[in-house]
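Asker: Sequence and predicted structure below; questions after.
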Amino acid sequence: MIDEPLPQDGRRRAVIEAVTPQVDGGRFPAKRVMGDTVIVEADVFADGHDEVVAVLRHRQPGAPGQAAPGVGPHGGGPHDWSEVRMEPLGNDRWRAAFQVTRLGRHEYTVEGWADRWETWRHDLEKRVAAGQDVTVDLLIGAGLVDGAAGRAGGQDAEALATWSVGLRGDGTAEARTALALDDDLHGLMRRHADRRDAAVHPVRQLQVEPVLARFSAWYELFPRSASPEPGRHGTFRDVIARLPYVAGMGFDVLYLPPIHPIGTTFRKGPNNVTTASPGDPGVPWAIGAATGGHLAIHPDLGTAEDLRALVQEAGRLGIAVALDLALQASPDHPAVQEHPAWFRQRPDGSVQYAENPPKKYQDIYPFDFESNDWPGLWLHVRQIVRHWIAQGIRVFRVDNPHTKPFALWEWLIEGIRRQDPDVIFLAEAFTRPKVMYRLGKLGFSQSYTYFTWRTTKQDIAEYFTELSRPPVSDFFGPNAWPNTPDILHETLQHGGRPMFQARLVLAATLSSSYGIYGPAFELQERVPREPGMEEYLDSEKYQLRHWDLEDPDSLAPLITRLNAIRRAHPALQSNGSLAFHPMEDDFALAYSKRAQVVPGGPADDPANRPAVAPGAADVILVVVSLDPVYPRRSPVHLDPATLGIDVDQPFELEDLLDGSVETRQGRRLEVSIDPAACPARIFRVRPAAGREPRAESGG
């Protein structure tokens, strides 16, 4: 006979399952931003019919004795953890919440147990109601109180001892029962519950990032094209002069493509010709020349002091400067000679240049992350990021991160954030969905999306529903771009001004973070290099461009208005409430977002109009036509539960683009859109005057 070993503690009766949020069973941290209320749910139950108690335990970054991932919460000191009693939702599901007020890695777990006191008290109430003799039950309760007194200390122990005497005393059964059911005693017993046999779920981690990680408007600008004089290479000082224009449109991130020296070997000319002429500036992503590599600044742009001045002035205007992190080199990069092991050598002795067959990029050498000196390469990558952080940069747009090792990003981002938890990383990863999602799990705050190629009503609705719901929303932060220097989608090539407007509104309202490549976007640059290509004719990647920012056809006024609406309305500052409403027109779609306005938030500011009263619900309904030519009129079938408004009563629609206000009633809403004027309507939905509902309580 073989004796099976006994479990470590066979008296542990509670079970904890299906804890949310958690990513891949706790392998990666879930993500939130500063100020969020984190809602934690779990299934907690036990065998038999005893009362179960569940608590949420959490602690902020830097708490003493912080546990390693997957370790229970009792390794630290007894006061490291804050605790919230969870409330039952039914069917053994429990919920509690806590607010995050510090950047970095938070920890949380759920603890549950079959509680003898709660069970005893509940049974006592039923026995009393049934008129049964409870003399012995009171003695059992007194024993439970004695146990709590032994676990307590100080005044609580003395108070519990007094209660125990009362339960055993000479008073009437009615008086002793009243003592047993007293709320003060119940509070003390809850505070000193017997948790020796509690089940504890493994600790889960939560990465808390700046609000900018979730809500941001990006503007991409080539500094070398920022000169007010045609033909002159722009500088950082020229970009400083351009900042009021960018800030005036309401952008809060200014993204600069690589600012490093550009190689001359195999330099590309205008429109990607393989032979450059004297004076052609080259491609900024061909990084490295005699004047330096990734730690250097292109001499025509200015100095490190000029860059710091740009960062400082942008910050004064509420703009974060984002730099491109492109881990590749030109043939002239110093590392090619100093660290040849970092590059893949071909049998003929040449270095392998970048390819995406049939495309060839002879002016770019990829780093070889499988080389024998991969540790040295990793350390150099960290040195690059640390160097630019020291210059004041807190946001990085990472070029093609999906072509570098996953392990590199997890190591790099976690290490950077351990010292600088406010640093944000955007993944430029137009690749397979699982790869994009893995990068989000590894720590990237945001990622480019497939928005550029989602052009039909069904595709848009399905894709953004996926992005806005758990589990994806717990780790993936979408950033929607209608154009980039590499991508001029055919819808923009052929749809004219209305399509630029429609794609702008979609990007800025479907996603709480979005970006445009300007001034190409606001000036509606839409001529491809060749028919059927997504490459721009006379692309700024290969040559200097001069932009007429005073062009009366510019979309800058619409962009400015749209960003003001985003800042004034919390509903547009996150994605979790996104919901699509049925429309009968296949070329029009309607969707809403909803948020409770927090006092002191962005909308609680007299400078923002329309103002949303603190404590009120902010409800935004967007209707967009995908037809750039013909006017559309189609009903929207409103879902009152999603909107949180009784649409069977009169409600107001305030068009935030043209300022008009109308009163409607009913679940069928007729909407007209003329793309010649604007292909989109953005409504604030609210009960008609005198019908404003009371503010909801809680978070």
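Answerer: Done, it's in. Numbering: from 1, shown residues only.
Asker: next helix or strand past the longest helix anywhere in the chain?
Answerer: Within the chain, and with DSSP state H defining each element, the longest helix by residue count is helix 490-510. Following helix 490-510 in sequence order, the next helix or strand is strand 513-517 (DSSP states H and E).
Asker: For R176, see how far away the most far-flung residue of the chain relative to its centre is.
Answerer: Counting by C-alpha atoms, centre = their mean, the extreme residue of the chain relative to its mean C-alpha position is D170, 62.7 Å from that point. In this view, D170 and R176 are 9 Å apart by C-beta to C-beta, to the nearest Å. Bear in mind the C-beta positions are built from the backbone N, C-alpha and C, glycine included.
Asker: One more: A198?
Answerer: Spatial separation of A198 from R176 under the definition C-beta to C-beta is 30 Å.
Asker: again with D538
Answerer: When distances are taken as C-beta to C-beta, D538 and R176 turn out to be 92 Å apart.
Asker: which of the two has more neighbours?
Answerer: For D538 against R176, the residue with the higher neighbour count under other C-beta atoms under 10 Å is R176, and the figures read 21 against 13.
Asker: and the nearest residue to the more buried one once chain neighbours are set aside, what pLDDT?
Answerer: Nearest-residue entry for R176: L138, 5.3 Å, with adjacent residues in sequence omitted and distances by C-beta to C-beta, 6 or more residues apart in numbering. Looking at L138, its pLDDT reads 90.
Asker: count of neighbours near L138?
Answerer: The number of residues packed near L138 is 19, by other C-beta under 10 Å.
Asker: got a list of what it touches?
Answerer: With C-beta atoms under 8 Å, 6 or more residues apart in numbering as the criterion, the residues that contact L138 are L167, R168, A173, R176, T177, A180.
Asker: Can you verify it is assigned to a helix?
Answerer: Yes - when the secondary structure is assigned by DSSP: H, G, I helix; E, B strand; the rest coil, L138 falls within a helix.
Asker: now it: how far from A46?
Answerer: 25 Å.
Asker: got it, and A14?
Answerer: In this structure, A14 and A46 are 5 Å apart, going by C-beta to C-beta.
Asker: Repeat that for D422.
Answerer: Counting by C-beta to C-beta, the gap between D422 and A46 amounts to 43 Å.
Asker: The two: who's more crowded?
Answerer: Each of D422 and A46 has its neighbours counted (other C-beta under 10 Å); A46 has more, 19 against 16.
Asker: ok, residues contacting the helix or strand of the chain with the lowest mean pLDDT?
Answerer: For the chain, counting by mean pLDDT, DSSP states H and E, strand 359-361 ranks last in confidence among helices and strands (a mean of 82). Counting by C-beta under 8 Å, 6+ apart, the neighbours of strand 359-361 from elsewhere in the structure are Y353, A354, E355.
Asker: give me that answer again for 6 Å
Answerer: Contacts made with strand 359-361 from outside it, assessed by C-beta atoms under 6 Å, 6 or more residues apart in numbering, are listed as A354.
Asker: can you give me how far that strand is from the chain middle?
Answerer: Centroid displacement of strand 359-361 relative to its chain, using C-alpha atoms, centre = their mean, to the nearest Å, is 34 Å.
Asker: Name the spans of the stretch 51-200 of the chain whose pLDDT lies under the cut-off.
Answerer: Using pLDDT under 70 as the threshold, the predicted model of the stretch 51-200 of the chain has low-confidence ranges 63-79.
Asker: ok, now with 50
Answerer: Low-confidence segments of the stretch 51-200 of the chain, defined by pLDDT under 50, span residues 67-78.
Asker: picking that back up, now do the longest helix of the chain and strand 513-517, the angle between them.
Answerer: With axes from the mean of the first three to the mean of the last three C-alpha atoms, to 10 degrees applied, the angle from helix 490-510 to strand 513-517 works out at 150 degrees.
Asker: OK, contacts around T484?
Answerer: Listed by C-beta under 6 Å, 6+ apart, the contact partners of T484 are Y517.
Asker: May I have the phi/psi pair for it?
Answerer: phi -140, psi 170 (degrees, to the nearest 10).
Asker: State the distance from it to R529.
Answerer: When distance is defined by C-beta to C-beta, T484 is 15 Å away from R529.
Asker: Would you map out the domains in this structure?
Answerer: By the record's domain assignment, the chain is partitioned as 14-208, 571-687 (automatic domain parsing).
Asker: okay if I get these as TSV plus distance to S447?
Answerer: Output for the domains of the chain, formatted as TSV (distance: least, C-beta to C-beta, whole Å):
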stretch	distance to S447
domain 14-208	12
domain 571-687	13
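Asker: Confirm for me that P582 is in contact with H637.
Answerer: Yes - contact between P582 and H637 holds when scored by C-beta atoms under 6 Å: they sit 4.4 Å apart.
Asker: Leaving out chain neighbours, which residue sits closest to D627?
Answerer: The nearest residue in space to D627 (C-beta to C-beta, 6+ apart) is F587, at 4.4 Å.
Asker: ok, that neighbour - how many residues close by?
Answerer: Using other C-beta under 10 Å as the criterion, F587 is surrounded by 17 other residues.
Asker: Wait, it touches V629, no?
Answerer: No - counting by C-beta under 6 Å, F587 does not reach V629; the two are 10.0 Å apart.
Asker: Could you pull up the contacting residues of L506?
Answerer: The contact partners of L506, by C-beta under 6 Å, 6+ apart, come to V624.
Asker: Go again with 8 Å.
Answerer: The contact partners of L506, by C-beta under 8 Å, 6+ apart, come to F451, I460, A480, P482, V624, A680.
Asker: Let me know the closest of these to R242.
Answerer: Lowest distance from R242 to the contacts of L506 (C-beta to C-beta) belongs to P482, with 21.0 Å.
Asker: any idea how far that closest one is from P401?
Answerer: 21 Å.
Asker: from the contacts of L138, which would you call buried?
Answerer: Buried members of those, scored by 16 or more other C-beta atoms under 10 Å, are L167, R168, R176, T177, A180.
Asker: Quick check: helices, which of the residues you listed are part of them?
Answerer: Counting by DSSP H, the buried ones among the contacts of L138 place L167, R168, R176, T177, A180 in helices.
Asker: Taking the residues you listed together, which two end up most distant?
Answerer: In those, the most distant members under the criterion C-beta to C-beta are R168 and T177, with 12.9 Å between them.
Asker: Quick one: end-to-end distance for stretch 239-256.
Answerer: 10 Å (C-alpha to C-alpha, to the nearest Å).
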